[in-house]
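A.B. asks: Dropping the sequence and predicted coords here.
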Amino acid sequence: MSGEFTKLLEAAKQQDQPQRLLMLFARAEGDEEKASNGSHETGTVTPLMCVDKLPEEIDSFEALVKEADAIESNWSFVLIAGLGGIDGEAPPTEAADQYLNQMANDLMMGQDLSGYTILDRQQSPVILQAN
């Protein structure tokens with residue numbers, strides 16, 4: 001089954017410069033109250049763990065889920081961003097740290113997350129909005 005993550009992996013592989021994918025796994029904890037129209041939930045989001053990988057290091061979304069679950073299985077969704085390389089070289093892992101920290105800060109501080117691809121455990125897109 002081709003899903004959003006598969007499309008993202010393919011797009012990363014087709015970029016002019018090699019990419020490093022940055023992934024922040026987070027847990028959502030919903031509040032009992034529902035929004036007035038019932039179409040979305042409210043709650044808090046907590047960053048749990050980060051990882052960076054080259055697209056070639058990821059076999060599938062299912063493999064990524066299995067790897068993540070071996071470390072922390074209580075995650076709800078993953079925020080994904082790409083970091084482009086220079087002169088045909090992918091960015092090293094060390095270059096990812098500041099961007100992963102920024103992703104966590106953006107999430108915790110309720111910043112605009114529209115620059116990230118956010119997928120739930122079933123590979124479905126998620127939209128997060130600050131209150």
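C.D. replies: That came through fine.
A.B. asks: remind me, longest strand of this protein?
C.D. replies: strand 19-34 (DSSP state E).
A.B. asks: dump the residue contacts of the residue nearest in space to the middle of the chain.
C.D. replies: Taking Cα atoms, centre = their mean, the centroid of the chain lies closest to Leu79, which sits 1.9 Å from it. Leu79 makes contact with Met23, Leu24, Ala26, Met103, Leu107, Leu113, Tyr116, Thr117, Ile118, according to Cβ atoms under 8 Å, 6 or more residues apart in numbering. Glycine gets a C-beta too; all of them are placed from N, C-alpha and C.
A.B. asks: State whether the fifth one is indeed within a helix.
C.D. replies: In this case it means Leu107. Yes: under DSSP: H, G, I helix; E, B strand; the rest coil, Leu107 falls within a helix.
A.B. asks: Quick check, it in contact with Gly115.
C.D. replies: No: counting by Cβ atoms under 8 Å, Leu107 stays clear of Gly115, with 11.9 Å between them.
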